[in-house]
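1. Pasting the sequence and the predicted coordinates here, then a few questions.
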Amino acid sequence: MSRDVFQIANRVVAVTGGLGQLGHQFAAELHRRGAKVAVLDIDMSAERIAARYSGAANEDGWMFVETDVTSKDSLRAALAAIEAKWETPFGLVNNAALDSPPSAPASETGPFEDYPEASWDKVMEVNAKGVFLACQVFGGAMAAAGRGSIANIGSIYGVVSPDQSIYEFRRRNGETFYKPVAYSASKSALYNLTRYLATYWGPKRVRVNILTFAGVFNNQPTEFLEGYHRKVPMGRMARADEFNGAVVFLMSDASSYMTGAEMTLDGGFTAW
């Protein structure tokens, strides 16, 4: 009987930003397929866990570890906790990230020339440095174990520039609004970090790939959706659960010969 190359049962996988909109989707799907999932997040309050995972958090195969991805000591402590309960993770999903929400203060969403240095530093620290540190700590342990898979979560805005015309409706309404620069710059950094680590850890059988995702529907304003949909051949934003299969693929042996690669799920956004 041939084996199921998508089988991930009993594999230990750590998901950073695991209480976020996408992170909890990844974690829940991995757990549903039998993986042992360590959810890492900077705010691990009981209320947040309950809101995302409800009663499922009481099932076997879960860990919830408060972790600051910008702190190497915090990441080391998280790894030690996981290894004490299970073993060195096979998988790492680098999902934790910051972006300026539409409700961000005007100082963050104004002209590029006025973008605050502090905002740049904060986003870069989580989105770029946080992935770098998580790879050092968790990837280093995987390399020592001689196996593993890292999935870095990228973005279309790390590949192409945001189309500021999508936000024209806000400027017509009197706002000075531009999609800020730091998120794009931080996500762009992950593509060559991915390639670097794929070549560096290839001999240690640690695979490193990056997933490029488009925007996810989250009750955005109608005017924004109309502008965004015009840029997508499929004519819509993604559902929050539509990226789960790609994460499972990268955590399984179905992707055993894939490293240093970009996998794009964007409804065709970057095809034209």
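-> Done, it's in. Numbers count the residues shown, from 1 in each chain.

2. contacts and neighbour counts: CA atoms only from here.
-> Noted.

3. dump the residue contacts of the most centrally placed residue in the chain.
-> When C-alpha atoms, centre = their mean is applied to the chain, the residue found nearest the centroid is Asn95 (2.3 Å). Neighbouring residues of Asn95 by C-alpha atoms under 8 Å, 6 or more residues apart in numbering: 15-18, 22-23, 152-153.

4. from the residues you listed, which single one is nearest Tyr196?
-> Distance to Tyr196, by C-alpha to C-alpha, is smallest for Asn152 among the contacts of Asn95, at 12.6 Å.

5. wait, what's in contact with Phe213?
-> 153-156, 243, 264-266.

6. which residues sit against stretch 52-65?
-> Under C-alpha under 8 Å, 6+ apart, the answer for stretch 52-65 is 19, 24, 28, 31, 34-41, 44, 49-50, 78, 81-82.

7. Mind checking the pLDDT average for it?
-> Summarised as a single mean, pLDDT over stretch 52-65 is 88.

8. Against which helices or strands is the one helix or strand Ser119 maps to packed?
-> Per DSSP states H and E: Ser119 is located in helix 117-124. With contacts taken as 3 or more C-alpha pairs under 8 Å, 6 or more residues apart in numbering; DSSP states H and E, helix 117-124 sits against helix 181-201.

9. Starting from the next helix or strand along the chain from the helix it packs on, tell me which strands it pairs with and how they run.
-> Note on helix 181-201: by DSSP H and E, the next helix or strand toward the C-terminus is strand 206-213. Sheet pairing of strand 206-213 (DSSP bridges) gives strand 148-155 (parallel), strand 262-265 (parallel).

10. Other residues contacting whichever helix or strand comes after strand 206-213?
-> Sequence-wise, the next helix or strand downstream of strand 206-213 (DSSP H and E) is helix 222-229. Residues outside helix 222-229 that contact it (C-alpha under 8 Å, 6+ apart): 165-167, 169, 235-237.

11. Give me the buried subset of these.
-> 166-167, 236-237 (16 or more other C-alpha atoms under 10 Å).

12. Please convert those to CSV, extending it with pLDDT, distance to Asn209 and secondary structure.
-> Shown next, in CSV, are those (pLDDT from 0 to 100; distance: C-alpha to C-alpha, whole Å; DSSP: H, G, I helix; E, B strand; the rest coil):
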residue, pLDDT, distance to Asn209, secondary structure
Ile166, 95, 30, helix
Tyr167, 94, 31, helix
Arg236, 98, 26, coil
Met237, 98, 23, coil
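
13. I would like the residues contacting stretch 118-129, please.
-> Contacting residues not belonging to stretch 118-129 are listed as 69-70, 96-99, 108, 182-183, 185-187, 189-190 [C-alpha under 8 Å, 6+ apart].

14. ignore the last one, stretch 140-152
-> By C-alpha under 8 Å, 6+ apart, stretch 140-152 touches 88-95, 131, 135, 139, 190, 194, 201, 204-211, 247, 250-251.

15. Stretch 9-18 now?
-> Residues external to stretch 9-18 that are found in contact with it (C-alpha under 8 Å, 6+ apart): 23-24, 26-27, 33-42, 69, 86-97, 251.

16. Mind checking which of these land in helices?
-> Here DSSP state H is the test, and the contacts of stretch 9-18 give 23-24, 26-27, 251 as lying in helices.

17. Export those as CSV, with columns for pLDDT.
-> CSV is the format used below for the ones in helices among the contacts of stretch 9-18 (pLDDT from 0 to 100):
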residue, pLDDT
Gly23, 98
His24, 97
Phe26, 98
Ala27, 98
Met251, 98
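
18. now for these, which pair is the farthest apart?
-> Greatest spacing in those, by C-alpha to C-alpha: His24 and Met251 (15.8 Å).

19. Compare those two and say which is more crowded by neighbours.
-> Met251 (28 against 22; other C-alpha atoms under 10 Å).

20. Please report how far the more buried one lies from Phe269.
-> Met251 sits 25 Å away from Phe269, going by C-alpha to C-alpha, to the nearest Å.

21. Same question for Ala50.
-> From Ala50 across to Phe269, the span is 34 Å (C-alpha to C-alpha).
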